[in-house]
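Peer 1: Provide a 3D model corresponding to the input given below.
(one chain, ligands or ions: 3)
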Amino acid sequence: MPESLLILPAEPAGDGAGTQAPPASRACAPVVVPCGARAITAGATGSATPASAAPDLVAPGDANAVPTQPDPAAPRDAVARRDAGASPRQFDPAAARDAIRAEALRLGFDAVGFARAELGPEVRERLGRFLDDGMHGSMGWMEDRAAQRAHPRALWPEAVSIVSLGMNYGPEGDALANLARPDVGNISVYARHRDYHDVVKKRLKALARWMVAEWAGSELKVFVDTAPVAEKPLAREAGLGWQGKHTNLVSRTHGSWLFLGEVYTTLSLAPDAPEGDHCGRCQRCLAACPTAAFPAPYRLDARRCISYLTIEHHGPIPHELRPLMGNRIYGCDDCLAVCPWNKWAQAAREPLLRARDDLVAPELRALAALDDAGFRAHFSGSPVKRVGRDRFVRNVLNAIGNSADPSLLPTARALLGDADPVVAEAAAWAVERLEGCGAAG
Ligand code: B12
Ligand code: SF4
Ligand code: SF4
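Peer 2: Ligands and ions are numbered 1, 2, ... in the order given. Next up is the predicted model:
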């Protein structure tokens with residue numbers, strides 16, 4: 001029996017990465033955080049599941065600069081093994097870094113770096129500006145714990161170092177291939193497979209248990225997405241990549257396709273060198289955004305972002321944005337997919353992060369017909385499940401309205417009397433659009 005398992009309240013929300021807990025449990029879903037060296041001992045925790053300094057190769061001035069290949073020998077991308085069954089040992093900072101990196105890679109992470117548990121004042125300032133400008137829309141939870149989000153020690157004063165971890169979820173083919181197919185809905189790459197929160201959290205907990213077994217006396221907490229943690233700035237500090245103009249972390253090795261997670265620890269681990277900005281004069285992501293959600297480079301107005309609109313936003317989608325959304329029914333990858341740094345990205349090596357066949361190009365007609373039970377069964381284990389049937393069908397109707405496909409008119413009409421008023425309104429909009437483009441029938 002562990003002496004303690006610290007249960008932190010999860011942030012009552014998530015992100016466009018479909019990060020929110022289901023509506024009913026959003027405010028109370030716990031994150032189980034192993035804490036205390038003796039709290040987690042081998043076999044005692046049934047409840048705990050288990051930079052490179054290369055020169056900037058994007059020449060300033062080259063608008064379409066294509067990155068050169070990363071160093072294939074970079075240690076964070078190698079898979080290493082450590083001896084199993086090691087007993088608690090003395091803390092040797094250099095050896096600890098190597099051992100943690102090796103164990104994290106062995107557990108399935110693809111990128112590992114170390115940072116001090118601190119962030120510069122610019123992170124707080126930028127977050128403050130984002131919130132002051134209202135760019136978080138209805139994500140009120142971002143305001144609630146802004147101080148903790150902006151600084152790791154405001155969340156946990158004992159934290160000394162942070163292990164920043166990335167898991168590659170790169171797609172096998174063209175992430176944007178569906179956009180030209182009006183009969184299908186486009187679910188963004190991150191949601192075509194098992195919910196990454198579950199996958200990453202399980203590995204984080206395994207790493208945490210291993211760490212507390214290795215270094216008695218240390219304490220730690222693990223996070224993925226839903227806690228008030230500035231994951232991208234921390235990953236930058238730890239050398240995993242830089243925040244591109246689309247605001248997400250870009251990796252030299254994995255491009256735009258890394259999920260992030262962290263271990264906050266009381267161990268003192270030497271930090272890696274932060275990664276510099278390698279966007280150069282490229283602006284591809286900004287130009288690719290269908291809804292013009294970037295008021296400026298490095299600044300995103302979530303209220304216009306399709307990821308926000310399809311996942312976080314409750315109620316009707318603003319009319320002026322609907323036609324711009326095409327067939328994107330859950331999340332959006334446009335700004336991520338066009339980044340030239342994806343050139344060497346590989347498909348996810350984690351089998352649970354490979355696309356489910358039925359989620360790659362699902363037919364709008366079938367999706368619109370889902371009732372509550374059918375929706376939950378179809379999206380079991382997927383992040384899509386988090387939005388619930390009504391919000392999802394609202395998104396599907398938006399895509400139907402944009403399809404210009406007369407054969408979808410009966411599907412839209414069938415939902416005009418839906419019990420959910422937002423679905424019914426979306427159906428009316430879709431019918432009007434299809435009739436207006438000569439699809440009456
Ligand atoms: C809120 C949130 C969202 C919101 C807002 C997104 C955003 N960019 O802030 C919405 C719902 C739109 C969203 C969408 C997505 N999200 Co999201 N989201 C989050 C969450 C929970 C918090 C992010 C946050 O704090 N935003 C607040 C703003 C202020 O911070 P910021 O993004 O760092 O933006 C600042 C920087 O750009 C900064 N900045 C940095 N450098 C520079 C340089 C200069 C010169 C300037 C001026 C500014 C500047 O200034 C900005 C403020 O104005 C994180 C998880 C976490 N706990 O961190 C996941 C997270 C960022 N999301 C993630 C993902 C995967 C997505 C989507 C790709 C999902 C999808 N396919 O639909 C999209 C991507 C959209 C996009 N272009 O960002 C991943 C990103 C992984 C990565 N490699 O970066 C995260 C880290 C979750 C995870 N654990 O993996 N998300
Ligand atoms: S391209 Fe898509 S994900 Fe990126 S900012 Fe625009 S709407 Fe959001
Ligand atoms: S696509 Fe965006 S994030 Fe990628 S290099 Fe160009 S400006 Fe940077």
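Peer 1: Tell me where the stretch 51-200 of the chain has strands.
Peer 2: Assigned by DSSP state E, counting those that start in this stretch, the strands in the stretch 51-200 of the chain fall at 111-116, 161-168, 186-187.
Peer 1: Which strands border the shortest one, and is each parallel or antiparallel?
Peer 2: Using DSSP bridges, strand 186-187 pairs in its sheet with strand 328-330 (parallel).
Peer 1: got the residues of this protein near ligand 1?
Peer 2: Within the chain, the positions adjacent to ligand 1 are 14-17, 19, 126-127, 129-130, 139, 149, 188, 190, 224-225, 229-232, 243, 246-249, 258-260, 298-300, 302, 305, 307-308, 312, 331-333, 335-336 by CB under 6 Å from any ligand atom. Where C-beta positions appear, they are placed from N, C-alpha and C, glycine not excepted.
Peer 1: Helices along the stretch 201-350 of the chain, start to end?
Peer 2: All helices of the stretch 201-350 of the chain, identified by DSSP state H, counting those that start in this stretch, fall at 231-237, 284-288, 306-307, 334-337.
Peer 1: any idea how the protein splits into domains?
Peer 2: Domain assignment for the chain, taken from automatic domain parsing, gives 1-46+75-356, 363-441.
Peer 1: Pull the distance from the first one to the chain's centre.
Peer 2: On the basis of CA atoms, centre = their mean, to the nearest Å, domain 1-46+75-356 sits 5 Å off its chain's mean C-alpha point.
Peer 1: near ligand 2 too, which of the residues of the chain next to ligand 1?
Peer 2: Near ligand 2, by the rule CB under 6 Å from any ligand atom, you find 246, 300, 305, 307, 332, 335 out of the residues of the chain next to ligand 1.
Peer 1: Most neighbours of all the residues you listed, which one?
Peer 2: Using other CB atoms under 10 Å as the neighbour criterion, residue 332 leads those with 29 neighbours.
Peer 1: and stretch 203-222, how far apart are its ends?
Peer 2: Distance across stretch 203-222, first residue to last, is 10 Å (CA to CA, to the nearest Å).
Peer 1: Only the buried residues of it, if you could.
Peer 2: For stretch 203-222, a neighbour-count test (16 or more other CB atoms under 10 Å) marks 203-215, 218-222 as buried.
Peer 1: Provide a list of residue ranges in the stretch 301-441 of the chain with pLDDT below threshold.
Peer 2: Scanning the stretch 301-441 of the chain for pLDDT under 70 picks out 438-441.
Peer 1: what does it put close to ligand 3?
Peer 2: 338, 339, 340, 341.
Peer 1: can you put these in TSV and add neighbour count?
Peer 2: As requested, these are exported to TSV (neighbours: other CB atoms under 10 Å):
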residue	neighbour count
338	19
339	23
340	18
341	25
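Peer 1: Just give me the closest of those to residue 167.
Peer 2: Proximity of these to residue 167 was ranked by CB to CB; the top entry is residue 341 with 17.2 Å.
Peer 1: one step back: deepest in the core, which of the helices of the stretch 201-350 of the chain is it.
Peer 2: Highest mean neighbour count of the helices of the stretch 201-350 of the chain: helix 306-307, a mean of 26 (counted as mean count of other CB atoms under 10 Å).
Peer 1: Pull the contacting residues for the nearest residue in space to residue 337 that is not next to it in sequence.
Peer 2: Nearest non-adjacent residue to residue 337, counting by CB to CB, 6 or more residues apart in numbering: residue 175, 4.2 Å away. Contacts for residue 175 (CB atoms under 8 Å, 6 or more residues apart in numbering) come out as 188, 189, 333, 336, 337.
Peer 1: now residue 166
Peer 2: Residue 166 is in contact with 109-112, 235, 240-241, 249, 251, 254, 258-261, counting by CB under 8 Å, 6+ apart.
Peer 1: Can you read off the pLDDT for it?
Peer 2: Here the pLDDT value assigned to residue 166 is 98.
Peer 1: what pairs with it across the strands?
Peer 2: With DSSP bridges as the criterion, residue 166 is bridged to residue 111, residue 260.
Peer 1: quick one: it and residue 114, what's the gap?
Peer 2: Counting by CB to CB, to the nearest Å, the gap from residue 166 to residue 114 is 13 Å.
Peer 1: try residue 144
Peer 2: Distance, residue 144 to residue 114, by CB to CB: 29 Å.
Peer 1: give me phi/psi at the closest residue to ligand 3 within the chain?
Peer 2: Per CB to the nearest ligand atom, residue 244 is where the chain lies closest to ligand 3, at 2.4 Å. Here is the backbone geometry of residue 244 (degrees, to the nearest 10): phi -70, psi 180.
Peer 1: List the contacts of it.
Peer 2: By CB under 8 Å, 6+ apart, the neighbours of residue 244 are 250, 256, 277, 279, 285, 339, 341.
Peer 1: Which of these sits closest to ligand 1?
Peer 2: Nearest to ligand 1 out of the contacts of residue 244 is residue 256 (CB to the nearest ligand atom; 6.3 Å).
Peer 1: Got the confidence number for the closest one?
Peer 2: Here the pLDDT value assigned to residue 256 is 97.
Peer 1: shouldn't it be in contact with residue 341?
Peer 2: Yes. If you go by CB atoms under 8 Å, residue 256 and residue 341 touch, sitting 7.1 Å apart.
Peer 1: Quick check: neighbours shared by the two?
Peer 2: 244, 250.
Peer 1: Kindly report the residues of this protein close to ligand 2.
Peer 2: Counting by CB under 6 Å from any ligand atom, the chain sits next to ligand 2 at 246, 288-291, 293, 300, 305-307, 332, 334-335.
Peer 1: Alright, that wraps it up for me.
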